[in-house]
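> Any chance you could fold what I've pasted below:
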Amino acid sequence: MRTGKRFAMVIVLGVLIWAARQTHAQDIDLTLVMPGVSFTPGYSVYLNLDIDNSGPAFVSADVFVALTVGTDNFWFFPSWTQYPPSIDWLDLDIPEQTRLTETILPEFTWPSGTGSFSGAQFLAAIISDGTLVSDLAEITFGWSEAATPTPDPSSRIQPADLEYIGAFRLPGGEIPPLTFAYGANAMTYNPDGNPGGGTGTLPGSLFITGHDRQAWGTLPDGGQIAEVTIPEPGMSGSPGGLPMAEFVQDFHNALAGHFTEMEEIPRIGMAYLDHPDTGPLLHIGWGQHMPPDPAPATHAWIRPTLGTPSYQGTWFIGNYDFNSVNGYLFTIPQAWADAHTGGRMLATGRFKDGGWSGMGPALFAYRPWLSGGAAPASGTHLEATPLMLYQDSYTSEEIVRCMTGYQHPDEWEGGAWLTASGGRTAVVFAGTKSNGVKYWYGYLNPGGPNLPCVDTNVTDFVTCRQADGSPCPSGDFAGCCDETGGGCISLRGWWSTHFDAEIIFYDPAQFAQVAAGTIEPWQPQPYAALDIDEHLYLNPAGIDLESLGWGDQRRYRIGDVAYDAAHGFLYVIELFADNAKPVVHVWQVE
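I've put the predicted structure just below:
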């Protein structure tokens with residue numbers, strides 16, 4: 001808020017003069033919530049005030065909410081009295097240590113005939129006994145007569161449009177680092193790798209990363225990249241009966257010497273793009289499980305000739321959080337990018353369990369080259385357009401402004417922008433979805449999958465929740481083992497009573513609305529989901545069970561995704577299917 005407007009608000013409220021002394025801790029965090037920031041006729045509009053009180057109870061606190069439209073006049077809730085000369089406020093009892101939501105404007109449909117305006121603001125603050133006890137919240141919005149484009153269901157690719165056609169194995173042995181075992185963190189399709197296909201193969205090739213790097217010098221030359229052919233997929237009751245890909249380029253340590261500060265459970269995204277400005281490139285995003293301090297730059301590019309990669313980078317994705325930007329990468333159709341993201345035709349994002357990246361997959365559009373195709377200077381903060389970014393668990397412990405059905409153990413490991421005949425599209429994410437009755441941070445319970453086993457040493461967040469996001473009954477917080485004392489049958493992490501391998505579908509029209517500012521980045525929602533467990537092998541060799549889990553509680557089922565837009569083939573990695581190696585499953589998009 002501009003200083004002048006903040007001062008005006010203080011004058012209007014009068015008693016806020018006390019706040020200038022800054023002698024009282026502000027116990028209450030306020031958030032003004034609207035369904036968008038740019039409204040047009042027919043748009044459903046509401047205004048809520050989220051009140052998060054971390055302190056004591058306040059009796060008959062004075063809740064002030066004011067509207068200003070760029071003048072010296074203010075209109076005060078709840079009667080919307082105009083100042084000058086008068087003000088109004090709401091008397092509200094606020095219990096200690098609680099969160100509540102107050103409806104300021106009930107939902108209504110934005111009317112026609114209102115003209116156009118930008119820069120309107122709602123402001124909110126809470127006073128108790130003449131003292132400011134909250135922060136000063138604000139939200140800026142506008143409106144116009146232009147019609148808001150609405151998603152058209154007939155233009156969406158549906159789950160029924162995906163036909164499963166089989167799977168194939170990856171070549172090589174299992175000795176690190178030159179193996180796909182414990183790898184396949186990233187994958188991308190190369191239409192130029194084998195353009196016409198051949199006997200027993202599909203067109204193109206796949207770049208796939210090998211065994212991950214391991215921290216503290218254990219495996220510093222992991223994360224190598226190889227290129228493989230795409231055999232015609234087959235059907236088999238066991239992975240050993242599937243066709244085998246062949247190497248086009250064997251493993252190369254193309255990223256040697258880079259991202260060395262991020263080797264503790266790496267997260268990698270990769271996208272092949274042959275753009276007229278740059279020629280063919282492999283675009284890379286690299287992160288790790290826990291963010292280093294300070295967070296380093298995460299994105300770069302290399303040439304697809306892996307023996308001579310000509311590394312360029314490393315860059316930041318705007319000023320966005322490290323946890324939200326470096327887990328998957330894919331291309332955006334050029335025409336869509338030109339229309340909605342200023343030509344930024346690379347999509348990058350990440351989902352980190354526990355809601356650290358946002359409570360659902362995050363997605364940003366970026367372009368890492370300058371005019372003429374030159375690389376920006378290392379350390380540049382690239383301009384990025386947010387397309388989807390849900391509420392994170394840093395700033396809200398509640399399960400709000402999230403993906404529908406969100407749970408903290410969710411895993412979204414790959415994404416792709418699908419296109420099909422008739423102009424149909426979808427953006428899909430593949431991963432292992434927690435669909436449990438309960439989910440928790442801790443361990444598997446030897447008593448069975450329906451019993452939580454929380455880590456009782458963790459007390460700074462809610463460690464067990466029910467499917468609707470509410471805390472579990474008190475008895476579920478007792479724990480069942482102690483990692484230091486023994487007795488735990490799994491590694492510590494986010495677990496659920498039930499996981500499913502899923503592909504979820506988003507409408508790109510919603511991302512266009514986010515880019516235009518007509519809806520908030522947390523508002524896009526998947527319109528469909530496809531359960532793909534029936535096609536998976538689900539770790540038949542029983543690899544690393546204490547980390548992966550088993551049965552309904554098997555985690556890490558799905559890895560990255562790649563798409564051949566010219567032929568409609570969707571490639572999905574299944575992790576730990578062929579002993580410790582993955583297999584690649586294939587769907588035809590009709």
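> switch to C-alpha atoms for all contacts and neighbour counts from now on
Fine.
> Wait, residue 491 touches residue 441, no?
No: in this structure, residue 491 is not within contact of residue 441 by Cα atoms under 8 Å, at 10.6 Å.
> Tell me which of those two has more neighbours.
A count of neighbours by other Cα atoms under 10 Å puts residue 441 above the other of residue 491 and residue 441, at 24 against 16.
> Look at the more buried one and give its secondary structure.
strand (DSSP: H, G, I helix; E, B strand; the rest coil).
> and it, bridged to which residues?
residue 494 (DSSP bridges).
> how much space between it and residue 552?
Residue 441 sits 17 Å away from residue 552, taking Cα to Cα, to the nearest Å as the criterion.
> per-domain residue ranges of this protein.
3-143, 154-435+498-589 (automatic domain parsing).
> Looking at those, which is nearest to residue 469?
domain 154-435+498-589 (5.9 Å; Cα to Cα).
> That closest one spans what distance, first to last residue?
OK, domain 154-435+498-589 end separation, Cα to Cα: 16 Å.
> what sits against the residue nearest to residue 510 when sequence neighbours are not counted?
Spatial nearest neighbour of residue 510, excluding adjacent residues (Cα to Cα, 6 or more residues apart in numbering): residue 524 at 5.7 Å. Neighbouring residues of residue 524 by Cα atoms under 8 Å, 6 or more residues apart in numbering: 388, 403, 506, 510, 511.
> Run through who's touching stretch 194-203.
Contact partners of stretch 194-203, identified using Cα under 8 Å, 6+ apart, comprise 191, 193, 204, 205, 229, 230, 231, 232.
> Report the lowest-confidence entry in these.
The member of the contacts of stretch 194-203 with the lowest pLDDT is residue 193, at 91.
> check contacts around it.
Neighbours of residue 193 in contact, by Cα under 8 Å, 6+ apart: 203, 204, 205, 206, 229.
> What distance do you get for it to residue 583?
Where residue 583 is concerned, residue 193 sits at a distance of 20 Å (Cα to Cα).
> pLDDT weak spots in the stretch 151-300 of the chain?
Low-confidence segments of the stretch 151-300 of the chain, defined by pLDDT under 70, are absent.
> what about 80?
Residue ranges of the stretch 151-300 of the chain with pLDDT under 80: 151, 195-198.
> Check the stretch 351-500 of the chain too.
For the stretch 351-500 of the chain (pLDDT under 80), the answer is 485.
> tell me the secondary structure for the nearest residue to residue 214 once chain neighbours are set aside?
Distance criterion Cα to Cα, 6+ apart; nearest residue to residue 214, sequence neighbours excluded, is residue 263 at 5.6 Å. Assigned with three-state DSSP, residue 263 falls in the coil class.
> I'd say residue 263 and residue 218 touch.
No: counting by Cα under 8 Å, residue 263 sits too far from residue 218 to count as a contact (9.7 Å).
> So residue 588 belongs to a strand, correct?
Yes: the assignment for residue 588 (three-state DSSP) places it in a strand.
> Would you mind measuring from it to residue 532?
Relative to residue 532, and taking Cα to Cα, residue 588 is found at 14 Å.
> Which one (most neighbours) among the contacts of stretch 194-203?
residue 230 (29 neighbours).
> so that residue, which of the three states?
strand.
> show me what contacts it?
201, 202, 203, 204, 205, 206, 245, 246.
> Let's see that with 10 Å instead.
Neighbouring residues of residue 230 by Cα atoms under 10 Å, 6 or more residues apart in numbering: 167-170, 189, 193-194, 197-198, 200-206, 243-247, 571, 584.
> my guess is residue 356 meets residue 324, correct?
Yes: assessed by Cα atoms under 10 Å, residue 356 is found in contact with residue 324 at 7.8 Å.
> Now for these two: what residues contact both?
350, 392.
> Counting neighbours, go ahead and name the busier of the two.
When residue 356 is set against residue 324 and neighbours are counted by other Cα under 10 Å, the residue ahead is residue 324, at 25 against 21.
> quick one: residue 275 and residue 373, what's the gap?
9 Å.
> Settle this for me: residue 287 is touching residue 268, isn't it.
Yes: the criterion here is Cα under 10 Å, and residue 287 meets it with residue 268 at 6.3 Å.
> still on that earlier bit, any chance of the contacts of residue 524 in CSV, plus secondary structure?
Below are the contacts of residue 524 laid out as CSV (three-state DSSP):
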residue, secondary structure
388, strand
403, coil
506, strand
510, helix
511, helix
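> In contact with residue 449, which residues?
436, 438, 495, 496, 497, 498, 550, 551, 552, 553.
> Compare those residues and tell me which is most surrounded.
Ranking the contacts of residue 449 using other Cα under 10 Å puts residue 496 first, with 33 neighbours.
> Just give the closest residue to that residue, not the sequence neighbours.
That would be residue 439: by Cα to Cα, 6+ apart, it lies 4.1 Å from residue 496.
> in the host helix or strand of residue 122, what's buried?
Element membership for residue 122, per DSSP states H and E: strand 117-128. Neighbour-count burial for strand 117-128, counted by 16 or more other Cα atoms under 10 Å, picks out 120, 121, 122, 123, 124, 125, 126, 127, 128.
> again, but for stretch 189-208
Those would be 189-191, 193-194, 197, 201-208, for stretch 189-208 by 16+ other Cα under 10 Å.
> if I look at the residue in the chain sticking out farthest from the centre, how far off is residue 121?
Each residue of the chain has a distance to the centre, and by Cα atoms, centre = their mean the biggest one is for residue 85: 47.3 Å. Using Cα to Cα, residue 85 is found at 20 Å from residue 121.
> which residue ranges form the helices in this structure?
Ranges of helices within the chain are 3-13, 334-340, 508-516, 545-548, based on DSSP state H.
> looking at those, which has the lowest confidence?
helix 3-13 - the lowest mean pLDDT of the helices of the chain, at a mean of 43.
> how close does residue 325 get to residue 471?
29 Å.
> what about the two, which has more around it?
Looking at residue 325 and residue 471 with other Cα under 10 Å, you find the greater number of neighbours at residue 325, namely 29 against 18.
> contacting residues around the more buried one?
269, 285-287, 298-299, 316-318, 347-352, 357, 361-364.
> Tell me which of those residues fall in strands.
269, 285, 286, 287, 299, 316, 317, 347, 348, 349, 363, 364 (DSSP state E).
> picking up where we left off before, among the contacts of residue 230, name the ones in strands.
167-169, 189, 201-206, 247, 571, 584.
> thinking again about what came up before, hmm, the residue nearest to residue 496 is touching residue 477, no?
No: contact between residue 439 and residue 477 fails when scored by Cα under 10 Å: they sit 11.6 Å apart.
> Give me the common contacts of these two.
Shared contacts of residue 439 and residue 477, defined by Cα under 10 Å, 6+ apart, comprise 452, 453, 454, 463, 464, 465, 471.
> Please tell me I have it right and the last one contacts residue 437.
Same thing as residue 471. No: with contact defined as Cα under 10 Å, residue 471 does not count as touching residue 437 (11.7 Å).
> Between those two, which contacts overlap?
Residues touching both residue 471 and residue 437 (Cα under 10 Å, 6+ apart): residue 465.
> From residue 179, how far out is residue 330?
Distance from residue 330 to residue 179, by Cα to Cα: 24 Å.
> What of residue 396?
Relative to residue 179, and taking Cα to Cα, residue 396 is found at 41 Å.
> rewinding a little: put together TSV for the contacts of stretch 194-203, with distance to residue 96 on each row.
Formatted as TSV, the contacts of stretch 194-203 follow (distance: Cα to Cα, whole Å):
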residue	distance to residue 96
191	60
193	63
204	61
205	60
229	62
230	61
231	63
232	63
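> gap between the nearest residue to residue 191 once chain neighbours are set aside and residue 580?
Nearest residue to residue 191, sequence neighbours excluded (Cα to Cα, 6+ apart): residue 204, at 4.4 Å. For residue 204, the distance to residue 580 (Cα to Cα) stands at 26 Å.
> Check residue 416 too.
25 Å.
> Pick out whichever of those two has more residues nearby.
Between residue 416 and residue 580, residue 416 has the larger neighbour count (other Cα under 10 Å), namely 27 against 21.
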